[in-house]
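Q: no FASTA, just this:
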């Protein structure tokens, strides 16, 4: 009887290749492109070998391998990981704890490697060495771009894993394919007991909590709507959870749901008997946008306290004395929503371990401690009340209430505290949601920019190549010009790839091994870079004005890396200069310090962005039309390279007037006798 092999890969090409190649060898091959379906089959059927692709939608190879090793039907079955990123992420691949690893090399080599692994198992040979290496890795080429994207994905995964909220991802029929550590802890189950199961079964909604099912959008609704949000609270195993259900749509998941669970047991116990607080909470948690949460929270608190003026302020990140006014209700003359204000008094209140309202009954004291508020509302308050907004001892901001003449009406302080406490949860969720959204936008923009930077030179080369192939040019001079342009675009592409390789080198190799030191003449290095970039400058008719030190300037370092940094600064000066502009390049020597100065007269850099330009992946708009993109890695690399050479880099820029970069490097002392 032929041995049975299960192959799981979302790429139909590899499924067909493996099936057609192994069946003639006497194996029975079953293929699946959906890892969740394959997982369900393995629960019911035994296979002799299981091949799993490393990177797949819904459940990746690492997680699927872990689940298979915990199933009775497959815990002793050899699981072989198939990977196309063996070089870029070899360490991560081998974290799967599979029985063997095979690289997706060219098809003949790939099939040969699979047969080699199967033969070792079929003949009973020692297979322990298969766990220690990726077979066929020597037949594929590294792709540093892939490694960068894997690192970004890993970073996002770490954020999800570290969140205190439980995060569950399901398809439109509520089949679970991902749960973070908080969700697994909340549900009190093992991960392989959750994945592939119905969310309703895991939450116990099919049984004693079946009345909660109508709160969930139906599979039909999920398929027919691309954007929705449902929020409610429900009991689960003696605790009480806030449930947020949102639409989930990605390139690999057409319709699904993102379920976020937060344990609000303690809070719900305090307010369960208070219908007003419950209504407020239901209305508030239905919003995830920060502005909507702020408005609903302040309106509810205002209705409860009945002041003449109410304000909600949130602290700026890492600036404990600075608050941003998010909303004002009632009398207000000149307080501006969105403006930043400074208040050491409110900051000091935040530092106290006191979560009760503070009443100020002396107009002079109010005017002193809340001066910016009193100046803004346009009247002198007789009474004031303020309450710090905290989430798990983390201070978010403050709410302030003012009365022009009368005292505040009697109200339940405990009830008011409950309202503020629940509002703090909603605010924290909204702030986290905004940060996650900003992170996702950053990731999308970065990938779009990298794709653009790679595609542009390839498109140009393709166009020139088609001209040559069609024999559209008859004279040799035109052909030579086309070939020269093609070479220029290929060089641009090579430099981008070199930059990405250099980043990887900096992040993965010890500092002492990052550079190859030799004696370098700085003026010659600058001349070489100017010669290489002259064609790029010609495209905008940029002229270079050079003023190089009259004597040789010798320093010690890596000529290739220093050239890379000089070339990038020159390229930037061209990119941000106006048509027919000029760039000044000068060198000088003062004692044992060498100076390289590159100055352009282009768009300049906004003052508020000067401290960010050296951050990895940070990008500045290129000009008034904002048409020039970049990868956001150049200035980061320049600073790293200069630092490795024990130097420093400075920037001076004025918006609209231009930018000057100054590099200082240690040099051999030169004395004029």
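A: Okay, I see it. Keep in mind that what you see is a predicted model, and the values were worked out from it rather than measured.
Q: can you count the residues close to residue 257?
A: Neighbours of residue 257 under the rule other C-beta atoms under 10 Å: 24. Yep, even glycine has a C-beta here, placed from its N, CA and C like the rest.
Q: can you classify it by secondary structure?
A: strand (DSSP: H, G, I helix; E, B strand; the rest coil).
Q: name the next helix or strand downstream of the host helix or strand of residue 599, please.
A: Secondary structure from DSSP states H and E places residue 599 in strand 593-600. Secondary structure here is assigned by DSSP H and E; on that basis, the next helix or strand after strand 593-600 toward the C-terminus is helix 634-644.
Q: ok and the helix or strand just after that following helix relative to helix 634-644, angle-wise?
A: Per DSSP H and E, the first helix or strand lying C-terminal to helix 634-644 is strand 648-654. Regarding strand 648-654 and helix 634-644, their directions subtend 140 degrees when assessed with axes from the mean of the first three to the mean of the last three C-alpha atoms, to 10 degrees.
Q: pairing partners for strand 648-654, with directions?
A: In the sheet containing strand 648-654, the strands it pairs with under DSSP bridges are strand 658-666 (antiparallel).
Q: and the contacts of the strand it pairs with?
A: With C-beta atoms under 8 Å, 6 or more residues apart in numbering as the test, strand 658-666 has contacts from 522, 555-557, 565, 569, 573, 576, 592-605, 642, 645-653.
Q: can you check the pLDDT for the residue lying closest to residue 423 once chain neighbours are set aside?
A: Beyond its immediate neighbours in the sequence, the residue positioned closest to residue 423 (C-beta to C-beta, 6 or more residues apart in numbering) is residue 297, lying 4.1 Å away. In this prediction, residue 297 carries a pLDDT score of 86.
Q: same check on residue 469?
A: pLDDT, residue 469: 75.
Q: that one and residue 483: what is the separation?
A: Applying C-beta to C-beta, to the nearest Å, the value for residue 469 to residue 483 is 13 Å.
Q: neighbour count: the two, which is higher?
A: Neighbours per residue (other C-beta under 10 Å) separate residue 469 from residue 483, with residue 483 holding more: 13 against 8.
Q: picking up where we left off before, list of residues touching the strand holding residue 599?
A: Looking at what lies outside strand 593-600 - C-beta under 8 Å, 6+ apart - the contacts are 522, 526, 553, 555, 566, 569-570, 573-574, 576-577, 581-589, 658-667.
Q: are any of those buried, and if so which?
A: Listed as buried from the contacts of strand 593-600 are 522, 526, 553, 555, 566, 569-570, 573-574, 576-577, 581-587, 589, 658-661, 663-665, 667; burial here means 16 or more other C-beta atoms under 10 Å.
Q: tell me which of those residues fall in strands.
A: Among the buried ones among the contacts of strand 593-600, the subset assigned to strands under DSSP state E consists of 555, 582-587, 589, 658-661, 663-665.
Q: out of these, who's nearest residue 244?
A: Looking at these and their distance to residue 244, the nearest is residue 659, at 45.5 Å (C-beta to C-beta).
Q: what's around residue 393, how many residues?
A: With neighbours defined by other C-beta under 10 Å, the count for residue 393 comes to 7.
Q: state the pLDDT value of it.
A: According to the per-residue confidence, residue 393 scores 77 in pLDDT.
Q: now it, what are its backbone angles?
A: phi 70, psi 0 (degrees, to the nearest 10).
Q: contacts only, for residue 81.
A: Residues in contact with residue 81 (C-beta under 8 Å, 6+ apart) are 52, 53, 54, 61, 65, 93, 96, 98, 100, 101, 102.
Q: and for residue 527?
A: Counting by C-beta under 8 Å, 6+ apart, residue 527 has contacts residue 548.
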